[in-house]
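Asker: quick one, fold the following:
(2 chains)
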Amino acid sequence: MSLEQQPIVEIQNVSKHFGSLYAVDDVSLSIYPGEFFSLLGASGCGKTTLLRMLAGFESPSSGRIFIDGEDITDLPPYKRPVNMMFQSYALFPHMNVADNIAFGLKQERMPKAERDARVQEMLHLVQIEKLAKRKPHQLSGGQRQRVALARALAKHPKILLLDEPLGALDKKLREQTQFELVNLQERLGITFIVVTHDQEEAMTMSSRIALLREGRVLQVDAPRRLYEYPNCRYSADFIGTINLLDAEVIKQEDDLVTLKTDAFSQKMQVYHGQPLIEGMDVTVAVRPEKIRVVPQCEAGRPNQIQGVIKEIAYLGDVSIYHVELASGKRVQFTQSNIQALAEQPLNWEDKVCLTWQADACNLLLE
Amino acid sequence: MPLESSLIASNKPTKVNWRASLSKKTLIGIPYLWMAIFFVLPFLFILKISLSEAALMQPPYLPFIREIEDGAVTLVINFSNFMLIFEDALYWQALVNSIEIAAIATLLTLLLGYPMAYAIAKAPAAWRLPLLMLIILPFWTSFLIRVYAWIGILKNNGLLNQTLMAMGVIDQPLEILYTQTAVYIGLVYTYLPFMILPLYATLIRMDDTLLEAAADLGCPPWKQFLTVTLPLSMPGIIAGSMLVFIPVMGEFVIPDLLGGPNTLMIGKLMWTEFFSNKDWPVASALAAVLLLVLIVPFVLWQHFEQRQQRIEEQS
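Answerer: Reported below is the predicted structural model:
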């Protein structure tokens, strides 16, 4: 994806309010051809409303939406070059699988021979050739999901909208389908716009994620950047686990910021590009896996905290430790369980010193 | 001791099972019993009378088993009533007329009732109940009074003609009362709720995202109706049509009060045979034939009901 490309979807200052409630509040987004773009957020953040405005089921209260440079804001859903896979799948119960898939093709009056070939192609694509004559109620949840996907892809849309595509599947099937969906998207080159509340799902599949909260876009970034460089407390907290430490800016030399905190006596150091004001209240965010354990804290070294292990959760691949600081605040860190049984395992009530690199944490302003 | 206790243990569940199966059988048996007492038994009476011979006595037909001479009895089953029905064009005409009138009335109620049911189902939730109440409201008044009210409206110097003449739309009163038109007006008016209610029931259950899915796949609204709404409301259409068609077939009051002398319907004919001609056997034979004509659509309706249930099992 290069930013010089023309965006295939451009959302310009779109708002949608229901009465006095703003479901979507001044959202602007550019989505580029071939992207696997996720709209991520907790329920009620406006992600579904935004998707429905792209499909044409809701019209924005203000703002414009462009697809391929064309203003489609006032176009009805049946004239838009997008197709949608519904959360409930919305398969037509009175039609069999093949007829469901052919439905969109019939609307554009595709000749029968070509239509049949396309249906076969779609059945093959999602590997349900044998189910062509079944009715939706004779299918399992996973099979219905595939039919819904095939139906939405049958018209070869430029953009596919997916509303919680894996929401109704059980955990195992969901994980398996995530990769299938990504492979399919890469193979077809269609732009996917996915609505999901599941951060893991969004992280696994997306090329970029827009994190939404209360109708506003907080951050738009690739999964890795969203995880490593969250731009606010909410996005830091929403994606994965993170320790948030309140701190006060002491000084800034070049990009290296020195801070003090009430939680513990040692100073902290963080890299931050933007100029800060001395005495400013900020938040330092450290991921649990970026924290190392050392037996003894060294005087004068920054980014060290001392505490007592209070909880240990063994998850198999990693263990999660909760450390209580002198101030009573708890900090989490994880250690991968490389050895079957470590020689000197960490134990409850062990006194430990936690440390991390200045470039392993972030400074958040809001 | 152990043997005894195991016996007791194995005894208990059997008793419970037996009781459960009995209560299950009772539960299933009740509708069958209902059918037997209120449908099969009366029908057997009718069938018996239809196979008898009319006579001037009380009741006005001869028994099956008659004594010819001392001790010798004979069983007489008389098919002549059925043969009369099949041979006399009058009865056929009445049957065909009834089917035609019932079919047209059903179609008219469907054409009028579908948009109404659709509008109620699409109305805001708070409006639906009051609107349904308006549909059911006429039932609070006696059926006969409502039919007589139509006479008042439709007659030559009635409300309708007076209004139209006052407005200058017509200068001669329209002759509606005692014509086929009046019968249709009466039938549609009376049976419309029976069409609207089952239609409403299927339309309200319909998932609106199916229409969104159709729109998303390039289907304009009018076509969404034809390809999604209409086929999915078929069970309601069938149920409503049966609820209108079946009683209209045997309708007596409306054609008698609103229709003219040439409105020949099987219900009217039955009335005449029973009460004017005192020919119970022919009237009963007519009733039996009517039942046959009606049972076929009823079986069809059942079939569609079952299909609907199967569709619902999925959700």
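Asker: in contact with the closest residue to A:Ile11 other than its chain neighbours, which residues are there?
Answerer: Residue nearest to A:Ile11 in three dimensions, not counting chain neighbours: A:Leu29, with 4.4 Å by Cβ to Cβ, 6 or more residues apart in numbering or on different chains. Just so you know, the C-beta spots here come from the backbone N, C-alpha and C atoms, and that holds for glycine as well. By Cβ atoms under 8 Å, 6 or more residues apart in numbering or on different chains, the residues touching A:Leu29 are A:9-11, A:210, A:217, A:220.
Asker: switch the cut-off to 10 Å
Answerer: A:7, A:9-12, A:14, A:37, A:39, A:50, A:65, A:193, A:208, A:210, A:212, A:217, A:220 (Cβ atoms under 10 Å, 6 or more residues apart in numbering or on different chains).
Asker: from these, which single one is nearest chain B?
Answerer: Closest approach to chain B among those (Cβ to the nearest Cβ): A:Ile193, at 13.5 Å.
Asker: wait, a strand at the closest one?
Answerer: Yes. Checked against DSSP: H, G, I helix; E, B strand; the rest coil, A:Ile193 lies within a strand.
Asker: surely it is in contact with A:Glu35?
Answerer: Yes. Between A:Ile193 and A:Glu35 there is a contact at 8.1 Å, judged by Cβ atoms under 10 Å.
Asker: okay, those two: which has more neighbours?
Answerer: It is A:Ile193, of A:Ile193 and A:Glu35, that has more neighbours when counted by other Cβ atoms under 10 Å in any protein chain shown, with 26 against 22.
Asker: hey, what's that one bridged with?
Answerer: For A:Ile193, the beta-bridge assignment (DSSP bridges) gives partners A:Phe37, A:Leu161.
Asker: and the gap between it and B:Ala89?
Answerer: Distance from A:Ile193 to B:Ala89, counting by Cβ to Cβ, to the nearest Å: 71 Å.
Asker: A:Pro295 contacts A:Leu354, correct?
Answerer: No. Contact criterion Cβ under 10 Å: A:Pro295 and A:Leu354 do not qualify, at 11.3 Å.
Asker: more crowded one of the two?
Answerer: The residue with more neighbours, out of A:Pro295 and A:Leu354, is A:Leu354; 24 against 9, by other Cβ under 10 Å.
Asker: any idea of the pLDDT on the more buried one?
Answerer: The model reports A:Leu354 with a pLDDT of 90.
Asker: tell me the one of the contacts of A:Leu29 nearest A:Arg174?
Answerer: Nearest to A:Arg174 among those is A:Leu39, at 18.0 Å by Cβ to Cβ.
Asker: that closest one and A:Met53 touch, don't they?
Answerer: No. Contact status for A:Leu39 versus A:Met53: not in contact, 11.2 Å apart, counting by Cβ under 10 Å.
Asker: now do the shared contacts for the two.
Answerer: Joint contacts of A:Leu39 and A:Met53 (Cβ under 10 Å, 6+ apart) are A:27, A:46.
Asker: tell me which of those two has more neighbours.
Answerer: A:Leu39 (31 against 23).
Asker: quick one: contacts for that one?
Answerer: Counting by Cβ under 10 Å, 6+ apart, A:Leu39 has contacts A:27, A:29, A:31, A:45-51, A:54, A:161-163, A:193-197, A:202, A:206, A:209-212, A:217, A:220.
Asker: okay, stretch A:320-329 in PDB with CA atoms only?
Answerer: Extracted as PDB, the C-alpha positions of stretch A:320-329 are listed here (Å, rounded to 0.1, in the frame of the first residue of the first chain):
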ATOM      1  CA  ILE A 320       1.600 -13.500  33.800                       C
ATOM      2  CA  TYR A 321       2.900 -11.900  37.000                       C
ATOM      3  CA  HIS A 322       1.200  -9.200  39.000                       C
ATOM      4  CA  VAL A 323       3.600  -7.200  41.000                       C
ATOM      5  CA  GLU A 324       2.500  -4.900  43.800                       C
ATOM      6  CA  LEU A 325       4.600  -1.700  44.200                       C
ATOM      7  CA  ALA A 326       5.200   0.100  47.500                       C
ATOM      8  CA  SER A 327       2.400   2.600  46.500                       C
ATOM      9  CA  GLY A 328      -0.100  -0.300  46.300                       C
ATOM     10  CA  LYS A 329      -0.300   0.000  42.400                       C
END
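Asker: for it, buried residues please.
Answerer: A:320-323, A:325, A:329 (16 or more other Cβ atoms under 10 Å in any protein chain shown).
Asker: for it, which outside residues touch it?
Answerer: Counting by Cβ under 10 Å, 6+ apart, A:241, A:243-246, A:261-265, A:288-289, A:291, A:293, A:305-314, A:330-335, A:346, A:348-354 sit against stretch A:320-329.
Asker: at 8 Å instead, please
Answerer: A:245, A:262-264, A:288, A:305-313, A:330-335, A:346, A:352, A:354.
Asker: which helix or strand contains residue 247?
Answerer: Chain wasn't specified; assuming chain A. Using DSSP states H and E, the element containing A:Ala247 is strand A:243-253.
Asker: that's the wrong chain, I meant chain B
Answerer: helix B:234-249.
Asker: which other helices and strands does that helix contact?
Answerer: On a contact count with 3 or more Cβ pairs under 8 Å, 6 or more residues apart in numbering or on different chains; DSSP states H and E, helix B:234-249 meets helix B:89-122, helix B:180-205, helix B:280-313.
Asker: so for chain A, which of these sits nearest?
Answerer: Among the helices and strands packed on helix B:234-249, helix B:280-313 sits nearest to chain A (Cβ to the nearest Cβ), with 5.2 Å.
Asker: so which bits of that closest one are buried?
Answerer: B:280-290, B:293-294, B:297, B:301, B:304, B:308, B:311.
Asker: if I look at A:Gly141, how far off is A:Asn303?
Answerer: 48 Å.
Asker: ugh, wrong one, A:Asn100
Answerer: 58 Å.
Asker: and if you look at B:Pro130?
Answerer: 69 Å.
Asker: also A:Lys310?
Answerer: Distance of A:Lys310 to A:Asn303, computed by Cβ to Cβ: 21 Å.
Asker: more neighbours: these two, which one.
Answerer: Legend: neighbour count by other Cβ under 10 Å for A:Lys310 and A:Asn303, higher for A:Asn303 (20 against 13).
Asker: that one touches A:Met268, doesn't it?
Answerer: Yes. Assessed by Cβ atoms under 8 Å, A:Asn303 is found in contact with A:Met268 at 5.4 Å.
Asker: shared neighbours, the two?
Answerer: In contact with both A:Asn303 and A:Met268: A:Cys361, using Cβ under 8 Å, 6+ apart.
Asker: which other helices and strands does the helix ranked longest in chain A contact?
Answerer: Across chain A, the helix with the greatest residue count (assigned by DSSP state H) is helix A:171-188. Judged by 3+ Cβ pairs under 8 Å, 6+ apart, helix A:171-188 is in contact with helix A:141-153, helix A:199-205.
Asker: report the buried residues of that helix.
Answerer: In helix A:171-188, counting by 16+ other Cβ under 10 Å, buried: A:174, A:177-178, A:181-182, A:184-185.
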